[in-house]
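Chemist: Could you work out the structure for the sequence below:
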Amino acid sequence: MAKMAIILFSEASEGNLAKAFHAMLLTKQLNGSDVESRLIFDGAGTEWIATLANP
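Modeler: Prediction:
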């Protein structure tokens with residue numbers, strides 16, 4: 001089984017919202033196929049955790 005890490009390090013802002021959703025969608029699609037993947041929030045990307053948890 002192949003493995004892939006997707007690292008999201010862009011700051012949480014409306015301008016970067018598409019990047020966050022694309023990273024989450026890609027992770028979901030890869031996990032639904034034959035690829036084990038992880039989405040890693042790093043650096044300024046950790047701001048997304050609070051933003052996405054509070055709709």
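
Chemist: Could you list the buried residues of the lowest-mean-pLDDT helix or strand in the chain?
Modeler: Lowest on mean pLDDT, DSSP states H and E among the helices and strands of the chain sits helix 47-53, with a mean of 91. Neighbour counts over helix 47-53 (16 or more other C-beta atoms under 10 Å) mark 47, 48 as buried. Bear in mind the C-beta positions are built from the backbone N, C-alpha and C, glycine included.

Chemist: other SSEs contacting it?
Modeler: Contacts defined by 3 or more C-beta pairs under 8 Å, 6 or more residues apart in numbering; DSSP states H and E place helix 47-53 against no helix or strand at all.

Chemist: could I get that helix in PDB with only the CA atoms?
Modeler: Extracted C-alpha coordinates of helix 47-53, given in PDB (Å, rounded to 0.1, in the frame of the first residue of the first chain):
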ATOM      1  CA  GLU A  47      -4.900  27.900  12.800                       C
ATOM      2  CA  TRP A  48      -7.200  25.900  10.600                       C
ATOM      3  CA  ILE A  49      -8.000  23.400  13.300                       C
ATOM      4  CA  ALA A  50      -9.800  26.000  15.400                       C
ATOM      5  CA  THR A  51     -11.400  27.700  12.400                       C
ATOM      6  CA  LEU A  52     -12.800  24.400  11.000                       C
ATOM      7  CA  ALA A  53     -13.900  23.200  14.400                       C
END
